[in-house]
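> With the sequence up front, the predicted model follows.
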Amino acid sequence: MKKIFYISLFVIVLSQLTSCTAGFEEMNVNPTTPVGTEIPYLFTNVISSLRVNGNEQLYVYNEIFYPESELGALIAEGWSNYTIGIAVMWSSYYSSLANVRDIEQRLDDYCSEQNDSEICDNVKAMLLILTAYKTFKVTDVFGDIPFSQAGKVWLETNNEEYRKPKFDSQEDIYKSLLDSLVWARDFMTANAATTTLGNDFYPITSADVLFYGSADKWARFANSLILRHGLRMYDADPDFAKPLLVEAYNKPVIDDYYPGYGGVCLWPNTLGITFDHHWAFREHKNLRMGETVFSRLSTTDSTDGSGIFDYRTYVFFDTNHPIKSDTLCPQGRWVPYPQIRTSSTPAEGGSPYGYRDNNYYFKSPLCLFSSFNYYLIRDDAYVPEILMTAAEIGFVKAEILARGIVGEANSNDVGLAFQNAMESSFLFWIHLPGYVNRWTYYYTPLEEALASMDIYSLCTKFSSDVFNHYLEQNGWNLFTNEEYVKLIVEQRWLNSFLQPWEAWILARRTLGSDYETPTTTGHSKLITYRLPYPSSENEYNHENYQEQVAKMAPLGDSKSTKVWWMN
């Protein structure tokens, strides 16, 4: 059987580097790393840093990204101290960036020792791709950030620019990273056997626990990132983005690994580690299935589930607590929580995210509303950290096609691209329970469907059912390219279910357009356009911080200031 592409970490760094100050005086002194640490160890450490920290999940994802994107709904805002999550995101990224700078210096030294300037180009390309992935995520959250001078203080401890790095504009960061990705993609695509001088490239395969030295897969990952972020910045600077997108559109992307349901994920059971998401959900407790997402999964608001047409519902969510006397719905009812609470909203409680491995359906009678699927958040050893799915890139390419960025396209071609991406999404999500060892219970409709035909035929049917639902809503008329864009965005939003930062970014990018992400509230919940900088920036990098804030007038370092690509 085909398998979702996953990452096996043979070597994993369980300890995180000491949180750094924004002045970066302490960054990457690496008190926990032995003197003489080799490049492979540091390289693996950079890959391991891609996972999400529990405080990041609890304070930022669960409290801001899920409710503001309306992928979820909050029964109470009980964790407003998001500064804790911000501090973790900031320090974790810059500690990792310091490792990147360390590796870069070591690679340069190795090239000099070998008298071959090309001998480390393979590792440099991989490192550029990893740096781009991580940096895009941080700048998309904060906007302008220190980058070009950051993480270098240990190289020149007396260098004031390195000790207190300037902020780079998001525009400059984006363009620099995209240019780097083009070079990395093209180098890895060439997949040269040796350097010009005939030397073998640096032997990194054992430490490359992402793609095991596969130049082809690194090239595909780089090209997929170009498509994702080139589209994200397209409206801000189409002259820069369009040539990149046109070139990248017909080059291989990650969905070619396993046609239909590829992806790049961190799998904890193969990494030999556990994630913090279950802890975050157990502590937080307040996320539920909301009205907005349920309205995109069911044709009616019937709580017995009779209106559910999208079978990802049974993977994304659980019912409320089942009541013995409810013979119609012995597995519980599908009850969405209001996106906006009123005085008439019943009090919600229960413990849907507590340990219930041996009693899956027990959530307590106090649990009146549908929660997130227990198995998706009970992921300390089994559920993956998704970096990018093939479906996401499929939707990205469908939007690029529908908007005419790569030339005129007829609606039939757009429709085919859209349906292929939808099928890819179903294949990823419906396959997932089979890869999660703890997943022992299935809701009856999904269980019966899985028993009826092979999963590939089934997911083709599932995607057709969703498409037919759209057609029925449209009076069975074919869609124009402009109408397709709205459907593409909606399905990309749904597919981002375990990547709430991507759903939140998508909501911000499309805000005010004719193809906004779904909303019940008119996007009144979407009040965070960026996260404020951690307070340590003002303390340790005061002059540069103050200069940066002045550029952000009139709103300054607030959640209401838009990032560059929103403008």
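Yes, it's here.

> so what does the one helix or strand Leu506 maps to touch, helix or strand wise?
For Leu506, the host element (DSSP states H and E) is helix 500-510. Counting contacts by 3 or more C-beta pairs under 8 Å, 6 or more residues apart in numbering; DSSP states H and E, helix 500-510 packs against helix 66-69, helix 121-142, helix 481-495. Just so you know, the C-beta spots here come from the backbone N, C-alpha and C atoms, and that holds for glycine as well.

> avg pLDDT for it?
For helix 500-510, mean pLDDT rounds to 98.

> quick one on the thing from earlier: of all the helices and strands packed on helix 500-510, which one is nearest Arg220?
Between Arg220 and these, the tightest spacing by C-beta to C-beta is seen for helix 121-142, at 10.3 Å.

> List every C-alpha atom in that closest one, with coordinates, as CSV.
This file holds the C-alpha atoms of helix 121-142, laid out as CSV (Å, rounded to 0.1, in the frame of the first residue of the first chain):
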residue,chain,number,x,y,z
ASP,A,121,26.4,23.3,-2.0
ASN,A,122,24.1,20.3,-1.4
VAL,A,123,23.9,21.1,2.3
LYS,A,124,23.7,24.8,1.7
ALA,A,125,20.7,24.2,-0.6
MET,A,126,18.9,22.1,2.0
LEU,A,127,19.7,24.6,4.7
LEU,A,128,18.3,27.5,2.6
ILE,A,129,15.0,25.5,2.1
LEU,A,130,14.7,24.8,5.8
THR,A,131,15.5,28.4,6.7
ALA,A,132,12.9,29.7,4.1
TYR,A,133,10.2,27.4,5.6
LYS,A,134,10.8,28.6,9.2
THR,A,135,11.4,32.2,8.3
PHE,A,136,8.3,32.5,6.2
LYS,A,137,6.2,31.2,9.0
VAL,A,138,7.6,33.7,11.5
THR,A,139,7.4,36.8,9.2
ASP,A,140,3.9,35.8,8.2
VAL,A,141,2.9,36.0,11.9
PHE,A,142,4.9,39.1,13.0
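
> can you pull out the helices in the stretch 201-350 of the chain?
Along the stretch 201-350 of the chain, counting by DSSP state H, counting those that start in this stretch, helices occupy 215-232, 238-249, 268-271, 277-284, 291-295, 313-316.

> For those helices, which has the smallest mean pLDDT value?
Minimum mean pLDDT among those: helix 268-271, a mean of 73.

> Which strands and helices lie in contact with it?
strand 6-7.

> What's the mean pLDDT across the strand it packs on?
Mean predicted confidence for strand 6-7 is 38.

> Now that we have the helices of the stretch 201-350 of the chain, can you turn them into CSV and tack on distance to Asn477 and mean neighbour count?
Listed next are the helices of the stretch 201-350 of the chain as CSV, based on distance: least, C-beta to C-beta, whole Å; neighbours: other C-beta atoms under 10 Å:
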stretch, distance to Asn477, mean neighbour count
helix 215-232, 27, 23
helix 238-249, 28, 17
helix 268-271, 46, 19
helix 277-284, 42, 21
helix 291-295, 21, 21
helix 313-316, 26, 23
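
> Turn those helices into JSON lines, including distance to Thr561.
JSON lines is the format used below for the helices of the stretch 201-350 of the chain (distance: least, C-beta to C-beta, whole Å):
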{"stretch": "helix 215-232", "distance to Thr561": "18"}
{"stretch": "helix 238-249", "distance to Thr561": "22"}
{"stretch": "helix 268-271", "distance to Thr561": "36"}
{"stretch": "helix 277-284", "distance to Thr561": "27"}
{"stretch": "helix 291-295", "distance to Thr561": "26"}
{"stretch": "helix 313-316", "distance to Thr561": "32"}
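
> Out of those, the one nearest Arg51 is which?
Using C-beta to C-beta, the nearest of these to Arg51 is helix 268-271, at 8.4 Å.

> Centre of the chain to that closest one, how far?
18 Å (C-alpha atoms, centre = their mean, to the nearest Å).

> Ok, stretch 62-75 next?
15 Å.

> Likewise for stretch 498-511?
Worked out by C-alpha atoms, centre = their mean, stretch 498-511 lies 9 Å from the chain centre.
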